[in-house]
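Peer 1: quick one, structure for this:
(6 chains)
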6 protein chains.
Amino acid sequence: MRIRVVAPVIATPLVPLVFEGYRAAARADTDMSLATLDSGPASIESRFDEALAVPDVVAKVVAAEQDGIDAAIIDCMGDPGLEAARERVSIPVIGPAEASMHVACMLGHRFSVVTVLDTLIPAFDHHALRMGLTHRMASVRTVGIPVLDLEDHTRLVEAAIDQSLKAVEYDGAHVIVLGCTGMAGVAQALLGGLAQHQVTDVPVIDPTVLAVKMAEALVDLQLRHSKITYPTPPDKKIVGY
Amino acid sequence: MRIRVVAPVIATPLVPLVFEGYRAAARADTDMSLATLDSGPASIESRFDEALAVPDVVAKVVAAEQDGIDAAIIDCMGDPGLEAARERVSIPVIGPAEASMHVACMLGHRFSVVTVLDTLIPAFDHHALRMGLTHRMASVRTVGIPVLDLEDHTRLVEAAIDQSLKAVEYDGAHVIVLGCTGMAGVAQALLGGLAQHQVTDVPVIDPTVLAVKMAEALVDLQLRHSKITYPTPPDKKIVGY
Amino acid sequence: MRIRVVAPVIATPLVPLVFEGYRAAARADTDMSLATLDSGPASIESRFDEALAVPDVVAKVVAAEQDGIDAAIIDCMGDPGLEAARERVSIPVIGPAEASMHVACMLGHRFSVVTVLDTLIPAFDHHALRMGLTHRMASVRTVGIPVLDLEDHTRLVEAAIDQSLKAVEYDGAHVIVLGCTGMAGVAQALLGGLAQHQVTDVPVIDPTVLAVKMAEALVDLQLRHSKITYPTPPDKKIVGY
Amino acid sequence: MRIRVVAPVIATPLVPLVFEGYRAAARADTDMSLATLDSGPASIESRFDEALAVPDVVAKVVAAEQDGIDAAIIDCMGDPGLEAARERVSIPVIGPAEASMHVACMLGHRFSVVTVLDTLIPAFDHHALRMGLTHRMASVRTVGIPVLDLEDHTRLVEAAIDQSLKAVEYDGAHVIVLGCTGMAGVAQALLGGLAQHQVTDVPVIDPTVLAVKMAEALVDLQLRHSKITYPTPPDKKIVGY
Amino acid sequence: MRIRVVAPVIATPLVPLVFEGYRAAARADTDMSLATLDSGPASIESRFDEALAVPDVVAKVVAAEQDGIDAAIIDCMGDPGLEAARERVSIPVIGPAEASMHVACMLGHRFSVVTVLDTLIPAFDHHALRMGLTHRMASVRTVGIPVLDLEDHTRLVEAAIDQSLKAVEYDGAHVIVLGCTGMAGVAQALLGGLAQHQVTDVPVIDPTVLAVKMAEALVDLQLRHSKITYPTPPDKKIVGY
Amino acid sequence: MRIRVVAPVIATPLVPLVFEGYRAAARADTDMSLATLDSGPASIESRFDEALAVPDVVAKVVAAEQDGIDAAIIDCMGDPGLEAARERVSIPVIGPAEASMHVACMLGHRFSVVTVLDTLIPAFDHHALRMGLTHRMASVRTVGIPVLDLEDHTRLVEAAIDQSLKAVEYDGAHVIVLGCTGMAGVAQALLGGLAQHQVTDVPVIDPTVLAVKMAEALVDLQLRHSKITYPTPPDKKIVGY
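Peer 2: This is a model prediction of the structure:
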């Protein structure tokens, strides 16, 4: 099986680090590849950043299908370009936010998202609304670290432990969802930190590795997205792409 | 007052025709101007089309603010780029779908959307979900006419009368919302046609002229969008725009 | 254009003061007039007060239509008599609460209402429920000032600043809606006060001036309420009115 | 125990007939009394009719409490004046619609309302919205008979059977709620008629007798409405009442 | 009338104490009887406990119908076996949680549940979700006392007063629902305690006595559950029961 | 990895046939085992059947954990015992209905369930309510074949094609979910049949194979259910188990 991770950003040092997490989660017989954008932002921290990423994200997903790839993962919790990409291809396209939030609902009654910056909170409000899961999202909390500084795992883990404890104690969270794919690889350290505070009953979802497993599952099952929900776009004149 | 209509498409013969409808709806002292895209599709009939339009839509809204414009209207019922644009500017940005669907809820219990093609139905499902208005949208019906053929008003009006009557009789619609800004100018003919079938109790919302009135109202009231919901994006490296 | 403000109270000193706010918001070519009740309470601070106001509110709206008025505004955030009045007339009737809460949803994800007395909180709960906007109303907060004492703007503004700051910080409000038409005219002072606390990203909706703009917009657009939702009442014997 | 039925209409021949149904449902030791309005409409078939009834409904409920009555029932499926009356008194006040719709949810997944005229459909939409039960109301169907003609039980029962069968077959109803207190006394005939069509698995709720049982239950339990939801109105000047 | 209380537990000293509360609430002409389980747990404090209780609960409800009983009450706020039992019999079966939560909605806008242990909170989340009443349940609070220690009314009442005050002050509760049938008999003491803290406007629902009144009401009204929602199970081979 | 399928029924010829489908879906390195009940029904076609199955289902899941199994699947679309089992163990327990309905929401806007008998429709209503997905379930349709007759695949496929076409055309389904694990193995034939009617844009979810993939994914990810939502039950006296 071949899975393509489409990072909705131009090449930065963080991207291959995060990709290693995706690759490590794949089965031995799954071939993982990475695409970064030619045009787009260096990180996604707003809907504006998403908007600039989406055209090339779709192009990279289309290229993946043309390369014979079996499934694509959009490497961002904003799920940028998820719907447009699904319209253009027949292979499964995984949005880590959509997958994480629905799987969180299978694991417990209410989840909290722990993400990077306050500017991203409205995007999660929007996600919950469009999925009809508003009443199951206990809160969105932030560590206050820009995406490109996420390589400092010590600082990240410390802040994530603090926010996760608050989500459980004050917001009623039963499950924690990491709210940025750039947080890949810290779930175990976060679970360890929570355990030191006697919180051992809360699962932590790392959306990157979850996305790999969902992609593998859909390919194994020969499932793809509904083309009634995501119909093929009509042909037309397009300028500049 | 100065209002800029941003057509999320490249220049086509339909755009200035629709713009005349916007201009005619404006108050005498409102200066209306039009921007079309340098990069983007010729019409919006899918989320893919929207994706290709959005970067330049945002650029055109930013340019409008720099030109001293008081409010911008995105000329499409997909509201493409609405959130990204609001993040980048402080002037009000009107999405015709958002405005029409909320005003429809002020006029009656349930509305139906009559739009162009089946490929657009999922976008309205999505709109209703994100606004939390799913239970107030009675149905989405389509006339089966591509956007660029909408100039043929005779065919359009006939099909719109047929679908509106079905929305009222079978779907429980109390209000009709025209589901494409390219349908601008047919509301009166549609009302006339409905009256010939003894249906005189259903308002028809033309989203283009409504958007002008909402823009004028927000400017008059010095209201703009919440910058908590639409925070200014952090600065960062961006390639290709 | 001619708009009639129907105050759902008997004549009191506050009414003309508030009416000046309505008049000031109108366009130069809009003729504003005021009606007060012959029968009813001196202020609206409960659903009981509303009940006593409604019969004469409807009568005054009917009289407005007979006078050739183009639209009516019910001058109260309880929207008393909104549905009954719409059944009796064909001109648009604006409820400031309905209009404010829907427009608030166009400006941000969640709004809080800042109103006068705790006795009014259930009415806003009811408003949110009937509009299906419960999950978008972050909170209802009160300044603890009876309606007829609202003329003391210094005290009102100070309390409104305090409650608005709490709504933003503790309740997650992105937009503030003034919860009593008697608070007309304090929005600018409230915005100024918030700015002194470095809160400049939250719009404040004054429902009186918003209602004027919605009335002007609907008249311009020749839109009226759906007569399926608000059918004309059957004729019958009525005693005492 | 003493229960007062407050008919929200002036005296008509239908009122005492319906009252007999209330009386027959009461326990032997329950003293039933009837109040009709001095001011108000002859029947309730619109929100306008409700508006004219409400002030005197509240007065009659207040009088009931002063008479030492233990609970009041508002004899109408519009529940007119329910909230205002509850604010003014400490005894339980029963709204037949509120009681019927919640009890219907205890008996099955989805209920349909079978009421008199199309003009009343929006009131049931409103009821469902304000109770948060929209997704449990399968439909509202009408027999097309004005309230004051409901004495013709033959015609009423025949039409109610027809509409109930359609509610079950086409709308997915599991429970039928009679949508007008003037339909009192036809539930058994309706059940018999349904049985002739092999439909024996659908309960039929007669809101009048249900209201008596809810009133008896609340009095027995010494339960009254929350005064946080229904706070006592502040005193003030009132003219004309 | 004959009502059977089915305690979903094996015989313990608490059961007859609670049963006395049920019996005391019944009308003079209502014959109350009690069944306890032959197989099952000593108390219900988890969904696992419920699971072990359900088969014999259903058997005891079936036996009640065969004994000519008119209605059954399942003596637990988990409503264990409610749906299965309703499938098997034609007499009304009352679930105290379902009845209490719907009646709470008739008494005020939002209720809080005060129950025994944190392990039961998810069951109330589940109840609210399945009834569609999530947005009307303000909170679930716990007194931290195991079911079999509830006989110590002094400790129970003190803790219930504390939690109820917090529910009103911090969670926005308008109505309190006792969240365990083992709390039967403390409602008056709780009301008295709240009054000592000047909280007199909040009704307290004791689900045991409420269940008796709902059972009496449904029997009086000859209402039973919809057999579309609760169809009779097909016959089949069953081992071990 | 070791996965245990717990069939919530006593041994019947259908069980091993269905189990072959589970086994075929597993990865080469996944060891699949099967447990059937010692006490319980021969098939699950009602909530009563579920009730009789649950105690032994939980016992079999507990035994699986004691055997060192990594995850358990409850082989029934009623998800019987899902919550009780999760309380008792720390390994993931998969409910095919919960997994299928959430994954269906990742594949399209609305899904329809095609299940065996009308008696099961209320269980799916209940599932959708408890997951908060009511507005995303387009319909539940039935093939009218008892579970133990499902071995006749010709008849089953024909009826499933018919019902799926109706779900798409009349109910607005975008995704089909097979509503009984006894339908395992017919998804490909159903897709083929739909294709013969030119319906190629609708994915069909077979809940058995999906459950295997979800189990493998959760084990790979070391994710288990939240113990806040599913707390370990307190110890107590239990009779008869």
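Peer 1: closest approach to chain E from chain A, which residue is it?
Peer 2: Across chain A, no residue is closer to chain E than residue A:109, which sits at 5.0 Å (CB to the nearest CB). (Glycine included, C-beta is placed from N, CA and C.)
Peer 1: show me what contacts that residue?
Peer 2: The contact partners of residue A:109, by CB atoms under 8 Å, 6 or more residues apart in numbering or on different chains, come to A:136, A:174, E:122, E:125-126, F:226, F:228-229.
Peer 1: now residue A:113: how far from residue A:60?
Peer 2: Per CB to CB, to the nearest Å, residue A:113 is found 26 Å from residue A:60.
Peer 1: and the helices in chain A?
Peer 2: All helices of chain A, identified by DSSP state H, fall at A:14-25, A:47-66, A:82-88, A:96-107, A:121-131, A:153-171, A:187-196, A:207-220.
Peer 1: touching chain C at all, the second one?
Peer 2: In other words, helix A:47-66. No. In terms of CB under 8 Å from any CB of the partner chain, no part of helix A:47-66 sits within range of chain C; the closest distance is 12.5 Å.
Peer 1: which positions in that helix come out as buried?
Peer 2: Within helix A:47-66, the residues that count as buried by 16 or more other CB atoms under 10 Å in any protein chain shown are A:47-65.
Peer 1: and the residues you listed near chain B, which?
Peer 2: Counting by CB under 8 Å from any CB, the members of the buried residues of helix A:47-66 near chain B are A:47-52, A:54-56, A:58.
Peer 1: out of those, what pair is the most spread apart?
Peer 2: Greatest spacing in those, by CB to CB: A:48 and A:58 (17.3 Å).
Peer 1: how about the residue nearest to the spatial centre of chain A: what's its closest non-neighbour residue?
Peer 2: Geometric centre of chain A, nearest residue: residue A:96, 3.0 Å, by CA atoms, centre = their mean. For residue A:96, ignoring the flanking residues on the chain, the nearest one in space by CB to CB, 6 or more residues apart in numbering or on different chains is residue A:207 at 3.7 Å.
Peer 1: okay if I get the helices of chain A as JSON lines plus mean pLDDT?
Peer 2: Below are those laid out as JSON lines (pLDDT from 0 to 100):
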{"stretch": "helix A:14-25", "mean pLDDT": "95"}
{"stretch": "helix A:47-66", "mean pLDDT": "98"}
{"stretch": "helix A:82-88", "mean pLDDT": "98"}
{"stretch": "helix A:96-107", "mean pLDDT": "98"}
{"stretch": "helix A:121-131", "mean pLDDT": "92"}
{"stretch": "helix A:153-171", "mean pLDDT": "97"}
{"stretch": "helix A:187-196", "mean pLDDT": "97"}
{"stretch": "helix A:207-220", "mean pLDDT": "98"}
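Peer 1: and those as CSV, adding distance to residue F:189?
Peer 2: Listed next are those as CSV, based on distance: least, CB to CB, whole Å:
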stretch, distance to residue F:189
helix A:14-25, 34
helix A:47-66, 27
helix A:82-88, 26
helix A:96-107, 28
helix A:121-131, 32
helix A:153-171, 46
helix A:187-196, 41
helix A:207-220, 19
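Peer 1: out of the ones you listed, which is closest to residue A:33?
Peer 2: helix A:47-66 (8.1 Å).
Peer 1: for the closest one, what is the distance to the chain centroid?
Peer 2: Mean-position distance between helix A:47-66 and its chain equals 14 Å (CA atoms, centre = their mean, to the nearest Å).
Peer 1: burial measure for residue A:189, as a count.
Peer 2: Here the count is done by other CB atoms under 10 Å in any protein chain shown, and residue A:189 has 17 residues near it.
Peer 1: list the contacts of it.
Peer 2: A:153, A:157.
Peer 1: how much space separates it from residue A:208?
Peer 2: Distance, residue A:189 to residue A:208, by CB to CB: 15 Å.
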